[in-house]
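Visitor: after the sequence you'll find the predicted model.
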Amino acid sequence: MPLSDLLAEHHRYLTRRWFFRDCGVGLGTIALNTMLAEGRENAPAADGAAKSPHFAPTAKRVIYLFMGGAPSHLELFDYKPQLAKFNGTLPPPELLKGYRAAFIDPNSKLLGPKFKFNKVGKNGAELSVLLPHLAGVVDDIAIVKSMVTDAFNHAPAQLFALTGSQQFGRPSVGAWVTYGLGSESKNLPGFVAFSSGSKGPSGGNSCWGSGFLPTAHAGTLFRTAGDPVLFLGNPAGVDAAMQKDSLDAIKALNEKRLGVVGDPEISARISAYEMAGRMQASAPELMDLSKETKETLAMYGAEPGKPSFANNCLLARRLVERGVRFVQLFHEAWDHHGGLVGGLKTECGKTDRACAALVKDLKQRGLLKDTLVIWGGEFGRTPMVQGGDDGRDHHPNCYTVWMAGGGVKPGLVMGESDELGFNATEDKVHVHDLNATILHLLGFDHEKLTFRLQGRDFRLTDVHGHVVRKLLP
């Protein structure tokens with residue numbers, strides 16, 4: 001070949017276009033590994049093994065009882081005699097300045113509380129008569145009556161409460177927890193979600209999603225009837241030997257592809273197959289509530305084989321006993337724009353006994369001290385009426401959550417709202433503050449549990465949040 005042709009051929013292999021075309025995979029892998037190394041300082045190993053937090057935690061696991069649709073704090077936790085006194089009158093104009101309601105004209109008549117309250121517990125906490133079982137464990141919980149949020153519609157508010165952002169695409173709090181701590185269970189996912197009520201959460205699967213974190217940290221949605229996960233059982237004609245041969249072949253192909261492209265999602269896929277195999281043996285035993293004593297079933301109000309919020313609470317206890325790090329129970333049924341009285345009676349009837357039983361059961365088994373239980377929705381309800389005289393609109397300025405175990409100060413009643421229950425006025429706790437506190441109890445500095453993406457460090461609390469020290473002993 002003439003020298004000129006050799007030089008031309010050599011030049012062809014040194015062009016910029018050729019370099020990025022033929023070496024792009026290698027460069028991409030190098031860049032990806034670098035970014036992952038930067039972003040995964042606090043991440044567990046690829047197999048989800050348990051990992052140490054920043055400092056000694058008081059909580060090792062979380063059960064989040066999320067009351068989707070937003071229960072009325074004014075009927076359940078925050079009794080307002082003045083609201084009862086001014087029932088049927090218009091709110092003060094200065095109270096409504098700059099206020100934006102979701103559906104009603106803010107200048108609607110005030111609606112007094114629909115149920116009586118009792119003083120219960122050593123500290124005289126005021127609880128609705130709709131919560132007699134919670135009253136029995138009130139000295140074991142901390143009630144925060146001064147929560148505030150930035151959103152006033154369901155989907156963005158649920159996303160904000162559970163991911164720290166009103167937009168889709170951010171990791172949920174459960175994903176952040178398993179990203180930081182991994183899992184203590186080898187046979188079950190580190191993050192499990194259940195859904196009850198009339199529908200799933202308005203925020204959809206993102207409420208337990210992994211966002212930009214590796215998908216291994218996403219919550220696994222369990223069903224409460226039949227197989228907990230679809231297709232967990234083998235189809236007819238597939239025995240254990242055939243399944244093992246198939247899985248071994250798939251794993252070999254995935255590992256070969258992983259070696260070529262270095263995509264961490266392939267590792268997540270391999271782990272998912274392996275977890276599914278282990279779950280085939282462990283999940284049926286987990287879901288069999290008939291093994292519980294009659295006394296335990298009665299305490300929760302659970303019925304084996306009949307899906308319910310009560311069954312989910314009992315399953316949550318069984319999951320954390322088996323090393324699952326984060327369990328999230330959704331009960332989307334509290335959106336009472338009308339039918340407030342009947343709706344609250346129904347939903348409290350479905351949930352009050354089981355929530356209290358969960359706290360009591362964890363305590364008597366020695367699990368409450370390092371299991372954090374959280375109860376709450378995405379916002380509160382307006383002091384103004386909607387739906388004739390039997391409903392309330394969405395309200396972000398004040399609502400209530402309660403917490404128990406995991407290092408939270410028991411018997412605490414924290415925060416106050418104004419005399420109409422409109423604005424939080426004392427010890428205000430923002431959503432970011434609550435999430436910062438959850439991470440703190442689990443042993444994390446919320447400002448340091450980060451993941452690098454697109455040139456910046458992301459975290460659950462974005463650039464906000466302070467640990468609520470009054471909740472700590």
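Guide: Thanks, I have the structure now.
Visitor: give the rounded mean pLDDT of stretch 294-311.
Guide: When pLDDT is averaged along stretch 294-311, the result is 96.
Visitor: now do the end-to-end distance for that stretch.
Guide: Stretch 294-311 has an end-to-end distance of 13 Å (C-alpha to C-alpha, to the nearest Å).
Visitor: in it, what's buried?
Guide: Across stretch 294-311, burial judged by 16 or more other C-beta atoms under 10 Å covers 296, 297, 299, 300, 301, 302, 308, 309, 310, 311. For the C-beta atoms, the positions are set from N, CA and C on the backbone; glycine is no exception.
Visitor: now these as a markdown table including distance to residue 324 and secondary structure?
Guide: Shown next, in a markdown table, are the buried residues of stretch 294-311 (distance: C-beta to C-beta, whole Å; DSSP: H, G, I helix; E, B strand; the rest coil):
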| residue | distance to residue 324 | secondary structure |
| --- | --- | --- |
| 296 | 19 | helix |
| 297 | 21 | helix |
| 299 | 21 | helix |
| 300 | 18 | helix |
| 301 | 22 | coil |
| 302 | 18 | coil |
| 308 | 20 | coil |
| 309 | 18 | helix |
| 310 | 19 | helix |
| 311 | 16 | helix |
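Visitor: tell me how many other residues surround residue 425.
Guide: Neighbours of residue 425 under the rule other C-beta atoms under 10 Å: 13.
Visitor: buried stuff in stretch 388-405?
Guide: For stretch 388-405, a neighbour-count test (16+ other C-beta under 10 Å) marks 390-405 as buried.
Visitor: okay, now the unreliable bits of this protein?
Guide: The chain contains residues with pLDDT under 70 at 1-49, 225-227, 229-235, 237, 239-240, 242-244, 268, 270-282.
Visitor: domain ranges for it?
Guide: 1-39, 47-232+282-471 (automatic domain parsing).
Visitor: most tightly packed of the ones you listed?
Guide: Mean neighbour count, computed with mean count of other C-beta atoms under 10 Å, is highest for domain 47-232+282-471 among the domains of the chain, reaching a mean of 20.
Visitor: for it, what is the distance to the chain centroid?
Guide: A distance of 8 Å separates the centroid of the chain from that of domain 47-232+282-471, by C-alpha atoms, centre = their mean, to the nearest Å.
Visitor: now the end-to-end length of stretch 289-296.
Guide: Length of stretch 289-296, first residue to last, C-alpha to C-alpha: 10 Å.
Visitor: what does that stretch rub up against?
Guide: Stretch 289-296 is contacted from outside by 285, 297, 302, 304, 305, 311, 314, 315, 361, using C-beta atoms under 8 Å, 6 or more residues apart in numbering.
Visitor: what's the farthest-apart pair in the residues you listed?
Guide: Distance extremes for the contacts of stretch 289-296: the farthest pair is 305 and 361 at 20.0 Å, using C-beta to C-beta.
Visitor: quick one: the strands in the stretch 301-450 of the chain, in order.
Guide: For the stretch 301-450 of the chain, the strands defined by DSSP state E, counting those that start in this stretch occupy 326-332, 371-376, 380-385, 392-395, 399-404, 413-414, 416-417, 424-426, 429-430.
Visitor: got the angle between the third one and strand 399-404?
Guide: I take that to be strand 380-385. Interaxial angle of strand 380-385 relative to strand 399-404 (axes from the mean of the first three to the mean of the last three C-alpha atoms, to 10 degrees): 140 degrees.
Visitor: who are the packing partners of strand 380-385?
Guide: Using 3 or more C-beta pairs under 8 Å, 6 or more residues apart in numbering; DSSP states H and E, the elements in contact with strand 380-385 are helix 73-76, strand 392-395, strand 399-404.
Visitor: closest to residue 262 among the buried residues of stretch 294-311?
Guide: residue 311 (42.6 Å).
Visitor: can I assume the closest one is in contact with residue 301?
Guide: No: look at residue 311 against residue 301 with C-beta atoms under 8 Å: they stay out of range, at 9.0 Å.
Visitor: including distance to residue 252, could the domains of the chain go into a markdown table?
Guide: Formatted as a markdown table, these follow (distance: least, C-beta to C-beta, whole Å):
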| stretch | distance to residue 252 |
| --- | --- |
| domain 1-39 | 20 |
| domain 47-232+282-471 | 18 |
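Visitor: so which of those comes closest to residue 259?
Guide: Nearest of those (C-beta to C-beta): domain 1-39, 10.2 Å.
Visitor: which residues does the helix or strand where residue 176 lies contact?
Guide: In this structure, residue 176 sits in helix 173-181 according to DSSP states H and E. For helix 173-181, the external contacting residues (C-beta under 8 Å, 6+ apart) are 42-44, 48, 50-51, 53, 62, 64, 162-164, 171, 190-191, 193, 208-211, 213-214, 217-219, 325-326, 328, 435, 438-439, 442-444, 449, 451, 459-460.
Visitor: mind listing what residue 269 touches?
Guide: Contact analysis of residue 269 by C-beta under 8 Å, 6+ apart lists residue 254.
Visitor: please apply the same query to residue 388.
Guide: Residue 388 makes contact with residue 338 under the criterion C-beta under 8 Å, 6+ apart.
Visitor: likewise residue 65?
Guide: 313, 329, 331, 351, 355, 358, 373, 374, 375, 376.
Visitor: and if you look at residue 144?
Guide: By C-beta under 8 Å, 6+ apart, the neighbours of residue 144 are 400, 401, 402, 403, 414, 415, 427, 429, 434, 468, 471.
Visitor: nearest to residue 130 among the contacts of stretch 289-296?
Guide: For these, the nearest to residue 130 is residue 302 (20.2 Å; C-beta to C-beta).
Visitor: am I right that the closest one is in contact with residue 309?
Guide: No: under the criterion of C-beta under 8 Å, residue 302 is not in contact with residue 309, lying 9.4 Å apart.
Visitor: common neighbours of the two, please.
Guide: Taking C-beta under 8 Å, 6+ apart as the contact rule, residue 302 and residue 309 both touch residue 354.
Visitor: can you flag which of the contacts of helix 173-181 belong to strands?
Guide: Among those, the residues falling in strands (DSSP state E) are 62, 64, 191, 193, 326, 328, 451.
Visitor: could the residues you listed be laid out in TSV, adding distance to residue 113?
Guide: As requested, the ones in strands among the contacts of helix 173-181 are arranged in TSV below (distance: C-beta to C-beta, whole Å):
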residue	distance to residue 113
62	31
64	27
191	37
193	33
326	34
328	30
451	44
